[in-house]
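Engineer: Got a predicted model here, sequence first, then my questions.
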Protein chains: 2
Amino acid sequence: MLTVIGIGPGSFAMMTQEAIAALQEAEIVVGYKTYTHLVKPLTGDKQVIKTGMCKEIERCQTAIELAQAGHKVALISSGDAGIYGMAGLVLELVTSQQLDIEVRLVAGITASIAAASLLGAPLMHDFCHISLSDLLTPWPVIEKRIIAAASADFVICFYNPRSRGREGHLARAFELMREFTNPQTPVGVVKAAGRKKEQKWLTTFGEMDFEPVDMTSLVIVGNKTTFVRDGLMITPRGYEL
Amino acid sequence: MLTVIGIGPGSFAMMTQEAIAALQEAEIVVGYKTYTHLVKPLTGDKQVIKTGMCKEIERCQTAIELAQAGHKVALISSGDAGIYGMAGLVLELVTSQQLDIEVRLVAGITASIAAASLLGAPLMHDFCHISLSDLLTPWPVIEKRIIAAASADFVICFYNPRSRGREGHLARAFELMREFTNPQTPVGVVKAAGRKKEQKWLTTFGEMDFEPVDMTSLVIVGNKTTFVRDGLMITPRGYEL
């Protein structure tokens, strides 16, 4: 039995009942080292297998093989495992190899939801998730999505906005949006949501400073109606008040 | 003190630690009657104020006034309160009236994440949320977003896909997408996720039957790479296997 668990952004508070129960029931916990560290208080004496960054296939295979050998395995993923996480890869591997193991998926709070709750209520209207990592997606596909989302006035959540070797991606995304997005549009950034080093700030599309944004950050660009009041980023749902 | 709580789709399992703790700490719980019923095992003897559908402003005002009077109030919203929920309205009301009450937002599992975890892993790549309710949004704005999302090959999650008086909206959305979306594209529907009446099924864009979809349903249309294997809807992240 293999349970793929979205542990949320990192704090115990944002974990679901089901995620906690599944971690407690597991015999072996597999995950990227930062995440196994985050759930340490819940894994106690269990066997924990930590893998490094960019070792996603290896990590999933290890978990699958242990489950095949009869163990109760928990594979952890930050946020929700089904959003840029490990759930898809596990299901691709298990179904393509026609393995007879039971896979259970446990939903989690993804970064955009966590970030939004810390910034105010920026996601009250239609929004998109776009990852700016081109490791697995051709950059032209990403560009097309950025332009489509901005032109149709979606609120946009950028995942993996800026990381080593991809320092220019967020600036390039803003460049593409400039035609559609007013410089006064509020932008919210949350770094390491729910973790010790959590930081958040608000700025505008026109005054955005890309430098402090890193790979643990989530960037939310508002739509035409988004405003900031009392330090809160709010996208109105449309009620007449 | 007013805590706006996303209770998730309906099951205790998908509630966060923070949501449960906040409900337990509250003196008074305010919410739409279906949702107050869902959390009944957690509210015990507390005062519970139930309001009807389409009474959102009234519901928020009631919660705000009770908080102003010094009570610890929990306002509950299904899914995540910040996604088509009560969080934005509360913040709009509190900040526009310059009220001096503390508002805390508690993140929850939104319908798309819950539905995705039940269907497989359809949200592994860039996706959009679009609400098909035109109660608060002009229909042409919604149409523009549907076309933009389909043309840029986003996975699309339709909220409020079909309800009384808006029976044709989902069919119209599919009509608009036809130019961009292959008839073989997998579509997943989850009805009443996490509740007793939960139902789910997979179909294709070309064979979609709109009739069984209702206002408690979440519809996910895949992107060009989404496939179904072993009854699971999977959008590959892009790893070479």
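Structural biologist: Done, it's in.

Engineer: Next, residue A:183: phi, psi?
Structural biologist: phi -60, psi -20 (degrees, to the nearest 10).

Engineer: Per-residue pLDDT of the nearest residue to it once chain neighbours are set aside, please?
Structural biologist: Leaving out its chain neighbours, the residue that sits closest to residue A:183 by C-beta to C-beta, 6 or more residues apart in numbering or on different chains is residue A:206, at 2.8 Å. Yep, even glycine has a C-beta here, placed from its N, CA and C like the rest. According to the prediction, residue A:206 has pLDDT 98.

Engineer: Checking my notes, residue A:206 in a helix, right?
Structural biologist: No. Per DSSP: H, G, I helix; E, B strand; the rest coil, residue A:206 lies outside any helix segment and is coil.

Engineer: residues contacting it?
Structural biologist: Taking C-beta atoms under 8 Å, 6 or more residues apart in numbering or on different chains, we find residue A:206 in contact with A:183, A:184, A:185.

Engineer: Once you drop chain neighbours, what's closest to the last one?
Structural biologist: Using C-beta to C-beta, 6+ apart and skipping the chain neighbours, the partner closest in space to residue A:185 is residue A:205 (4.1 Å).

Engineer: and what of the second one?
Structural biologist: Sequence neighbours aside, residue A:204 is the residue nearest to residue A:184 in space, at 5.6 Å (criterion: C-beta to C-beta, 6+ apart).

Engineer: Give me the neighbour count for that neighbour.
Structural biologist: 16 (other C-beta atoms under 10 Å in any protein chain shown).

Engineer: Also residue A:231?
Structural biologist: Neighbour tally, residue A:231, other C-beta under 10 Å: 9.

Engineer: next one: residue A:199
Structural biologist: For residue A:199, using other C-beta under 10 Å, the count is 14.

Engineer: if you skip the residues just before and after it, what's nearest to it?
Structural biologist: Closest to residue A:199 by C-beta to C-beta, 6+ apart is residue A:191, at 4.4 Å.

Engineer: Isn't the one you found up against residue A:198?
Structural biologist: Yes. Between residue A:191 and residue A:198 there is a contact under C-beta atoms under 8 Å: 6.8 Å.

Engineer: Dig out what residue A:189 forms beta bridges with.
Structural biologist: residue A:201, residue A:219 (DSSP bridges).

Engineer: residues touching the residue nearest to residue A:184, list them.
Structural biologist: Applying C-beta under 8 Å, 6+ apart, the residues near residue A:204 are A:183, A:184, A:185, A:186, A:187.

Engineer: Can you flag the buried ones in the residues you listed?
Structural biologist: A:185, A:186, A:187 (16 or more other C-beta atoms under 10 Å in any protein chain shown).

Engineer: from what I can see the first one touches residue A:222, true?
Structural biologist: Yes. Between residue A:185 and residue A:222 there is a contact at 5.1 Å, judged by C-beta under 8 Å.

Engineer: on that earlier part again, restricted to strands, list the contacts of residue A:204.
Structural biologist: Those of the contacts of residue A:204 mapping onto strands are A:186, A:187, per DSSP state E.

Engineer: want to try TSV for the contacts of residue A:204, with pLDDT as columns?
Structural biologist: As requested, those are arranged in TSV below (pLDDT from 0 to 100):
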residue	pLDDT
A:183	98
A:184	98
A:185	98
A:186	98
A:187	98
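
Engineer: now, which of the contacts of residue A:204 sits nearest residue A:87?
Structural biologist: For the contacts of residue A:204, the residue nearest residue A:87 by C-beta to C-beta is residue A:187; the value is 29.2 Å.
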